[in-house]
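Q: Below are the sequence and a predicted model for it; my questions follow.
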Amino acid sequence: MSSSRTKTPTTQQKKPGSAFPIILLVAAIFAALIFIGKPLYDDYSLSAEQVDLRVYFGLTEAEDAPVILGDTRASVNAKVFDGVIYWDASDIAKVIDERFYTNQEDGLVLFTTADEVVRANIGDTFYTTHAEILPAEEPSQVDLGHEILRGAGGRLYLSLDFVSRYANFSYEVFDGPDRIQIYAADFDYDAASALKKTALRVNADRKSGMLRSLARGETVYVLKPMGDWTKVRTHDALIGFVETRRLSETSGGSFEIARTYEAPPYTDVVRDAPIVLGWNQLTVYDANAYLADYLEGAYPMNVISPTWYTITDGQGGVNSIASKAYVDQAHARGLEVWPLVDDFTEGLDRHSLLARGESRSAFISFLIGQCDELGLDGINLDFEVVPEDDGAHFTQLLRELSVAMRARGLVFSVDNYPPRAHTEHYNRRVQGEVADYVIIMGYDEHWGSSSGAGSVASLPFVRGAIERTLAQDVPARKTINAVPFYTRIWTTSHKDGSVSATAVGQKTQAEWIAKRELDPIWSEELGQNYTQIDEDNTTRQVWLEDADSMRVRLEMMKSYDLAGVAAWRLGLENAAQWDEIANYINSTH
């Protein structure tokens, strides 16, 4: 009998915790892989796409080249024609020097200094320099071997080589594609270096395309730290983003633009003594015979400005009622003569007058001819209707006229409204540079029904006009404040509230008050006497222009150390006004 034995399976017991070291080992290896692999992933698994820089810069024309102006991309590209760099002329005037004046209609560029005008016509390879703005002058000529001014896409472009001859700025050209780095002024900067080879990206994103790689040790300008990323600009005019951890600590530095051009200084034809100018309003030639009547009692006056000249057309034509005998008589009385020229002709084509070089030249030539023929001492320009769109053309007229006047030692003065936002295009800052005197027409604070009843020239109004003029860099030694010899009688209807005004001289003002036996009261705030009366179903008001208002106004003016005082107009004043002006001049001289 056989027998068998059945084996019963048994379970082997493991020691508790025996697998834990293996788990720890696996976890450690996994952590190490993450620690080592993440940087490797960051370095080698990110976008290595090199963006097309022409696409990046949005270049559509073969000759287009972006301009990096300091740390900012300019809105208008430069052009590269036959290896010559050109940039938008209007941007050059705005950014580098406003004296680069271009005109699409004339197709030219002018650069006007204190004593000459540089000119190049579109398509010319040469420019000319004129010592004066007169057709008879023989210009000198410089040939650059390439076109100085070119037109493209409705814009005018100037050669940067030409610009660099008359302006202080720095520029570099980089290729692949062509791009221009321009520095128009000195600046301070923060810089950092790449700690290792790293990507300059389009955006602050590791997946963003690369503009290019930065080499280890390459220096970049730091534009804006942004935490993990830093916005930078490279030496070759690329602006992008770099991971902050790839950059060194920042350090400061400064950059100075190249200075190879020294502009001739403006020499002012100013007088040692304070100016006391009186405007002599004349509308017909025969009125010149009555000069002596206007001078009676005006003993402090040293300059007289007859209103002789009016622009008649857009070609620079001028109507004149000038008199040599008047000039001789004024000189015999110790007066300088600065005739006034205005732009009051109805329907005048002001754009053609100001924007066309031939028109400006004809106008200037006429004035210079009058100065030579009549023995004038200066000119007083009174353009009061300059369109805002023609502001740059008006400024160019001032520059050109100043060159011709300065060359002959003649005084050039310009009349201005009290500064307001709508007259900013008159460019008082440039006037303060190119003109010998800038005259504030410190009156007509209220002038008619549209402005409402009020003072012609209250003390706060005049003070504000002076301060705003000086704030626009017009030197006090060139600034003259003009005072009114007139006021207005205001009439407000009780029936419908309508307002009207009548301008009257000081003699008429005094007679009007005396006839009604009124007793004016003094306003400390306005610096004037005031009176009113109800009559004929209206209210009539007068803010007086008298010796009292003149005295406080002139006293206020003394604190600004101005060049003098002017008055509109002779024949409307009473004798006491001249006494107050004489006291003002004596106390400031």
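A: Ah, there it is.
Q: Where does the prediction get shaky in the protein?
A: Applying pLDDT under 70 to the chain picks out residues 1-46, 131-137.
Q: where do the helices sit along it?
A: Taking DSSP state H as the test, the helices found in the chain are 20-44, 53-56, 89-95, 160-164, 291-295, 324-332, 350-355, 357-374, 391-407, 428-434, 459-471, 506-516, 547-558, 575-588.
Q: Give me the contacts around the fifth one.
A: Contacts made with helix 291-295 from outside it, assessed by Cβ atoms under 8 Å, 6 or more residues apart in numbering, are listed as 278, 280, 301, 304, 326, 329, 330, 333, 335, 570, 571. (Each C-beta comes from the backbone N, C-alpha and C, glycine too.)
Q: at 10 Å what do you get?
A: With contacts defined as Cβ atoms under 10 Å, 6 or more residues apart in numbering, helix 291-295 is touched by 278-282, 287, 301, 304, 306, 323, 325-327, 329-330, 333, 335, 569-571.
Q: Now it - C-alpha only, CSV.
A: Only the C-alpha atoms of helix 291-295 are listed here, as CSV (Å, rounded to 0.1, in the frame of the first residue of the first chain):
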residue,chain,number,x,y,z
LEU,A,291,2.9,163.9,-36.7
ALA,A,292,3.6,166.9,-34.5
ASP,A,293,0.1,166.8,-33.1
TYR,A,294,0.6,163.2,-31.9
LEU,A,295,3.9,164.0,-30.3
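Q: According to the record, where do the domains of this structure fall?
A: Following automatic domain parsing, one gets these domains for the chain: 55-181, 186-255, 275-485+546-588.
Q: Enumerate every residue touching the spatially most central residue of the chain.
A: Nearest to the mean C-alpha position of the chain, by Cα atoms, centre = their mean, lies residue 427 at 6.0 Å. Contacts for residue 427 (Cβ under 10 Å, 6+ apart) come out as 98, 386, 391, 392, 394, 395, 398, 433, 434, 472.
Q: Return the member of those residues nearest to residue 52.
A: Using Cβ to Cβ, residue 98 comes nearest to residue 52 of those, at 36.7 Å.
Q: you'd agree that closest one is up against residue 91?
A: No: distance between residue 98 and residue 91: 11.3 Å, which falls outside the contact criterion (Cβ atoms under 10 Å).
Q: What count of nearby residues applies to the nearest residue to residue 561 once chain neighbours are set aside?
A: Among residues not flanking residue 561 along the chain, residue 476 sits closest, at 5.0 Å (Cβ to Cβ, 6 or more residues apart in numbering). Counted by other Cβ atoms under 10 Å, the residues lying close to residue 476 total 13.
Q: now do the one 4 residues further on
A: If you count neighbours by other Cβ under 10 Å, residue 480 ends up with 22.
Q: Please name the residues that touch it.
A: Residue 480 makes contact with 274-277, 303, 413, 415, 437-440, 442, 557, 562-566 under the criterion Cβ under 10 Å, 6+ apart.
Q: Just list whatever residues bridge to it.
A: On the basis of DSSP bridges, residue 480 is bridged to residue 439, residue 564.
Q: for residue 159, same thing?
A: Note on residue 159: beta-bridge partners residue 86, judged by DSSP bridges.
Q: just checking, it touches residue 123?
A: No: shown here, residue 159 and residue 123 do not form a contact pair, counting by Cβ under 10 Å, at 12.0 Å.
Q: Compare these two (neighbour count), which wins?
A: With neighbours defined as other Cβ under 10 Å, residue 159 and residue 123 compare such that residue 159 has more, 24 against 11.
Q: Relative to residue 170, how far out is the more buried one?
A: Distance, residue 159 to residue 170, by Cβ to Cβ, to the nearest Å: 16 Å.
Q: Please apply the same query to residue 97.
A: 14 Å.
Q: what is in contact with those two at once?
A: Both residue 97 and residue 170 are in contact with residue 184, where contact means Cβ under 10 Å, 6+ apart.
Q: Once you drop chain neighbours, what's closest to residue 554?
A: residue 584 (4.0 Å).
Q: what's the neighbour count on the closest residue to residue 288 other than its chain neighbours?
A: Counting by Cβ to Cβ, 6+ apart, residue 288 lies nearest to residue 323, which is 3.9 Å off, once chain neighbours are set aside. By other Cβ under 10 Å, the residues close to residue 323 number 20.
Q: quick one: stretch 83-95 to chain centroid distance?
A: Computed by Cα atoms, centre = their mean, to the nearest Å, the chain-centroid distance of stretch 83-95 equals 18 Å.
Q: Just the CA atoms of it, as PDB, please.
A: The C-alpha trace of stretch 83-95 is given here as PDB (Å, rounded to 0.1, in the frame of the first residue of the first chain):
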ATOM      1  CA  GLY A  83      23.300 103.200 -49.200                       C
ATOM      2  CA  VAL A  84      22.300 106.700 -48.000                       C
ATOM      3  CA  ILE A  85      20.100 107.000 -44.900                       C
ATOM      4  CA  TYR A  86      17.100 109.300 -45.000                       C
ATOM      5  CA  TRP A  87      14.500 110.000 -42.300                       C
ATOM      6  CA  ASP A  88      11.200 111.700 -42.300                       C
ATOM      7  CA  ALA A  89      11.800 115.500 -42.400                       C
ATOM      8  CA  SER A  90       8.900 116.400 -40.000                       C
ATOM      9  CA  ASP A  91      10.300 113.900 -37.400                       C
ATOM     10  CA  ILE A  92      13.700 115.500 -37.800                       C
ATOM     11  CA  ALA A  93      12.200 118.900 -37.100                       C
ATOM     12  CA  LYS A  94      10.400 117.600 -34.100                       C
ATOM     13  CA  VAL A  95      13.100 115.400 -32.600                       C
END
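Q: Now do the buried residues in it.
A: Judged by neighbour count using 16 or more other Cβ atoms under 10 Å, the buried positions of stretch 83-95 are 84, 85, 86, 87, 88, 89, 90, 91, 92, 93, 95.
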